[in-house]
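**Student:** I'd like to go over a predicted model; first the sequence, then the structure.
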Amino acid sequence: MLILHILAPAEVGGLEHVVHLLAQGQARSGEEVHVAAVLDGAGAADQLLHSLGAGGVTTHPIVLSGRAYWRERAAILALCRRLRPDVVHTHGYRPDVVDAPVARRLGIPTVTTVHGFTGGDWKNRLYERMQRRAHRKFDAVVVVSRPLMVQLIQDGVPPHRLHLVQNAWQGITPPLERLAARRALGIPARAFHVGWVGRLSVEKGPDVLLDAIGHLRDLPIVVSVLGTGRERGVLLDRARALGLAERIHWHGVVPGAARLFSAFDVFVLSSRTEGTPVVLFEAMAAGVPIVATGVGGVPDVMSSTEGVLVPPDDPVALAAEILGVYERPAAAQQRARAARTRLERDFSGGPWLDRYAGIYRQVSQGVPAPVAT
C-alpha cells in the first residue's frame, strides 16, 4: 500500500512525534510511505524530515511563503497525481482544510487523525471551526481520546467513520542517568526538581504551574521549563511578578528532551485541554513521578495508581500534589514504577499500527476496520 501523510509542522511536538512514529512503523512493516511537509521556509523541520528519511520514509518538503494556499493545493495535486497513493492521511487543521479536498477530487480515500483542539485567539478558533466542518467529509476520522470522539459526533461526523485510536509509545533512546541529565540542564544535584515540557501556550497551562510554584516558596524547588511558544514573554513577566525568576529555568526547545526526564523529581502536566499527550508517555517511560490535570485522554492513560490527577486551572490543588511528591517520595516512586509498567503493557506500537492498517483497508478496499474499544 502506498500511503501519503501530509502535515504542516511547526516546532516538533506531539503531532509531529505521532506522524514520525506512524510513518516509520508503516515503512518497517513494508508499506511505501511518503510524507509531504508544508513549510513556511527552507530549513524548517529539517530534523524531522532527516529522521523520517533515515527510517525509510520518502519526504517531500513543500516550501511556501505565507498563506499561499492555491500554490499549496497545486503542489499537493501534482504530488498525488504522480504518486497515486492508496490513502492520503492528513494531520492538523491546514492539511485537513486545504489539502485533503485535493485528494478527494482525485478519488483518493482520505483519513485524518484529530490530535485535539487548542482554542486560543479568534483566528485560531476560526481555523479550528473550519477544520471541524471539514472532518465530516473524510472517509475515516481517527481521534486520540474519548472526549474528542464525543465532540466530533456533536460536530456532525457520522459515528461509523470515527475510530478511537489512542497514541502509542516507542522509546528510541534511553534516558540519561539522573546526575548526567541534571548537569545537562544545569540543575543542582540536591534540588527538588520540577519538570514541565511543552508548548508555551494558553491551553498547555504553564501559567497554572507558575501560580502553583508560588504557593510552594518554602520548598527548595527548582523548575525546568522545556519548550517555547507565543506566551513566553508573558510567562517571564509573570514569574518575575511572583518572585520566582531565580527558581525557573527557561531552556527553550531542547532536542532529545525525552532523554532528560530522568533529571526531574516530578513531572507536571498542567494543560487545560489535551488529546493523548505524548509527553505523558515520555514521563512514564522515564519512571518519573507525575502530577497531571485530568483532561482529555489523560485519565485513559494514567489512573491514580500510576500518578496523581488534579482538576485543570487549579494551582492550589496542583501545588498540594507537588508537595505530596516532595513529602512522600516512596509512594511517588511506587506510582512511577506502575506507570512505566502500564506504558509497556498498554501502549506499545504493534497493536497501534495494526489499528491504522485496518482503517486504511476499510477506506481503500471496503474491508471492515477493527472495532474501537
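**Tutor:** Cool, got the structure.
**Student:** The residue nearest to residue 299 when sequence neighbours are not counted pairs with what?
**Tutor:** Nearest residue to residue 299 in three dimensions, chain neighbours excluded: residue 309, at 6.3 Å (C-beta to C-beta, 6 or more residues apart in numbering). No exception for glycine: its C-beta is placed from N, CA and C like everyone else's. Beta-bridge pairing of residue 309, defined through DSSP bridges, involves residue 292.
**Student:** per-residue confidence for residue 309?
**Tutor:** The per-residue pLDDT reported for residue 309 equals 98.
**Student:** same check, this time on residue 29
**Tutor:** What the model reports for residue 29 is a pLDDT of 95.
**Student:** Without its sequence neighbours, what residue ends up closest to it?
**Tutor:** Here the nearest residue to residue 29 in space, its sequence neighbours aside, is residue 353; by C-beta to C-beta, 6+ apart that works out to 6.4 Å.
**Student:** tell me the contacts of the one you found?
**Tutor:** For residue 353, the contacting residues are 22, 25, 26, 29, 168, by C-beta atoms under 8 Å, 6 or more residues apart in numbering.
**Student:** C-alpha coordinates for the host helix or strand of it, PDB please?
**Tutor:** Using DSSP states H and E, residue 353 sits in helix 349-365. Listed in PDB are the C-alpha atoms of helix 349-365, where the atom choice follows Å, rounded to 0.1, in the frame of the first residue of the first chain:
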ATOM      1  CA  GLY A 349       3.400   0.300  18.900                       C
ATOM      2  CA  GLY A 350       2.400  -3.000  17.300                       C
ATOM      3  CA  PRO A 351      -1.300  -3.100  18.000                       C
ATOM      4  CA  TRP A 352      -1.500   0.700  17.300                       C
ATOM      5  CA  LEU A 353       0.000   0.200  13.800                       C
ATOM      6  CA  ASP A 354      -2.500  -2.700  13.200                       C
ATOM      7  CA  ARG A 355      -5.400  -0.500  14.000                       C
ATOM      8  CA  TYR A 356      -4.300   2.100  11.400                       C
ATOM      9  CA  ALA A 357      -3.700  -0.700   8.900                       C
ATOM     10  CA  GLY A 358      -7.300  -1.900   9.400                       C
ATOM     11  CA  ILE A 359      -8.600   1.600   8.900                       C
ATOM     12  CA  TYR A 360      -6.700   2.100   5.700                       C
ATOM     13  CA  ARG A 361      -8.000  -1.300   4.400                       C
ATOM     14  CA  GLN A 362     -11.500  -0.200   5.300                       C
ATOM     15  CA  VAL A 363     -11.400   3.100   3.300                       C
ATOM     16  CA  SER A 364      -9.400   1.800   0.400                       C
ATOM     17  CA  GLN A 365     -10.900  -1.700  -0.100                       C
END
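**Student:** The chain should start at 430 in everything you say after this.
**Tutor:** Sounds good: first residue 430 from here, last item helix 778-794.
**Student:** State the mean pLDDT of it.
**Tutor:** Rounded to a whole number, the mean pLDDT of helix 778-794 is 93.
**Student:** Pull out the buried residues from that helix.
**Tutor:** Neighbour-count burial for helix 778-794, with 16 or more other C-beta atoms under 10 Å as criterion, is recorded at 778, 781-782, 784-793.
**Student:** Output those in CSV, with distance to residue 510 appended to each entry.
**Tutor:** CSV is the format used below for these (distance: C-beta to C-beta, whole Å):
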residue, distance to residue 510
778, 32
781, 31
782, 28
784, 29
785, 25
786, 25
787, 27
788, 24
789, 20
790, 24
791, 24
792, 20
793, 18
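**Student:** out of these, who's nearest residue 470?
**Tutor:** Proximity to residue 470 was ranked across these by C-beta to C-beta; first place goes to residue 785, at 30.7 Å.
**Student:** Go ahead and confirm the closest one touches residue 594.
**Tutor:** Yes. In this structure residue 785 lies within contact range of residue 594 using C-beta atoms under 8 Å: 6.8 Å.
**Student:** what touches both of those two?
**Tutor:** Shared contacts of residue 785 and residue 594 (C-beta under 8 Å, 6+ apart): residue 571.
**Student:** What segments of the stretch 630-779 of the chain are strands?
**Tutor:** Under the criterion DSSP state E, counting those that start in this stretch, the stretch 630-779 of the chain carries strands at the ranges 650-655, 677-681, 695-698, 719-722, 737-739.
**Student:** of those strands, which approaches residue 728 most closely?
**Tutor:** Go through the strands of the stretch 630-779 of the chain one by one with C-beta to C-beta and the one that ends up closest to residue 728 is strand 737-739, at 6.3 Å.
**Student:** can you list the residues that contact that closest one?
**Tutor:** Residues from elsewhere that reach strand 737-739 (C-beta under 8 Å, 6+ apart): 719-723, 727-728, 731-732, 746-747, 750, 753-754, 764.
**Student:** Look up how far residue 723 lies from residue 548.
**Tutor:** Taking C-beta to C-beta, to the nearest Å as the measure, residue 548 falls 18 Å from residue 723.
**Student:** who has more neighbours, these two?
**Tutor:** residue 723 (16 against 12; other C-beta atoms under 10 Å).
**Student:** contacting residues for the more buried one?
**Tutor:** The neighbourhood of residue 723, defined by C-beta under 8 Å, 6+ apart, consists of 738, 739, 740, 741.
**Student:** Burial check on the second one, number of neighbours?
**Tutor:** Neighbourhood size, residue 739 [other C-beta under 10 Å]: 24.
**Student:** Equivalent analysis for the first one, please.
**Tutor:** A count of neighbours around residue 738, defined by other C-beta under 10 Å, yields 19.
**Student:** Contacts for stretch 673-686 next, please.
**Tutor:** Identification of contacts with stretch 673-686 by C-beta under 8 Å, 6+ apart yields 440-441, 476, 602, 614-616, 626, 639, 642-643, 650-657, 661, 665, 668, 689, 711.
**Student:** now those: which count as buried?
**Tutor:** Burial of those was assessed by neighbour count (16+ other C-beta under 10 Å); the buried members are 441, 614, 616, 626, 639, 642-643, 650-657, 661, 668, 689, 711.
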